[in-house]
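Novice: Take a look and give me a structure for this.
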Amino acid sequence: MTSLLFRHRGYSGADPKMAAKVAVYQGSSVPGNVAANVATVCDVVADAARFEAHLVVFPEIFLAGYDIGAVQVRATAVPVTDEAIGRVQLAAREARITVVLPFAERDSDDKVSRRM
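Specialist: Take a look at the predicted model:
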């Protein structure tokens, strides 16, 4: 079961076809479990697409699990080329939806930063 909030944003006098439907995921992630969190993302993306959303947004550092310590964030950081990110990209592409998914990124020098 997902918890999605929707806002349909149109501009006064604009073409209604230009309106954007935005979904915001308000659920929690599993601390330290990237695989479980990716599965949640893919489910939410599919749900948002069924509601014809154009964009779905997730909470801060969702893949690692919110409100965890720096050591666990570092342990769950993934490179942008990781299979986990690839699964999210595929789900977004198949659903034809844009995803905003903040996560901890590990670069080629083993540095960790936050990425969106």
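
Novice: Figure out the helix or strand that Ala46 lives in.
Specialist: If you go by DSSP states H and E, Ala46 is part of helix 34-50.

Novice: Please state the offset of that helix from the chain centre?
Specialist: In terms of Cα atoms, centre = their mean, to the nearest Å, the centre of helix 34-50 is set 8 Å apart from its chain centre.

Novice: secondary structure class for the closest residue to Asn33 other than its chain neighbours?
Specialist: Nearest-residue entry for Asn33: Gly65, 6.9 Å, with adjacent residues in sequence omitted and distances by Cβ to Cβ, 6 or more residues apart in numbering. In short, each C-beta sits where N, CA and C put it, glycine included. The three-state label given to Gly65 by DSSP: H, G, I helix; E, B strand; the rest coil is coil.

Novice: next one: Val56
Specialist: strand.

Novice: Now do the spatially most central residue of the chain against Ala19, distance only.
Specialist: In the chain, the centroid-proximal residue (Cα atoms, centre = their mean) is Leu101; its distance is 3.0 Å. Leu101 sits at a distance of 23 Å from Ala19 (criterion: Cβ to Cβ, to the nearest Å).
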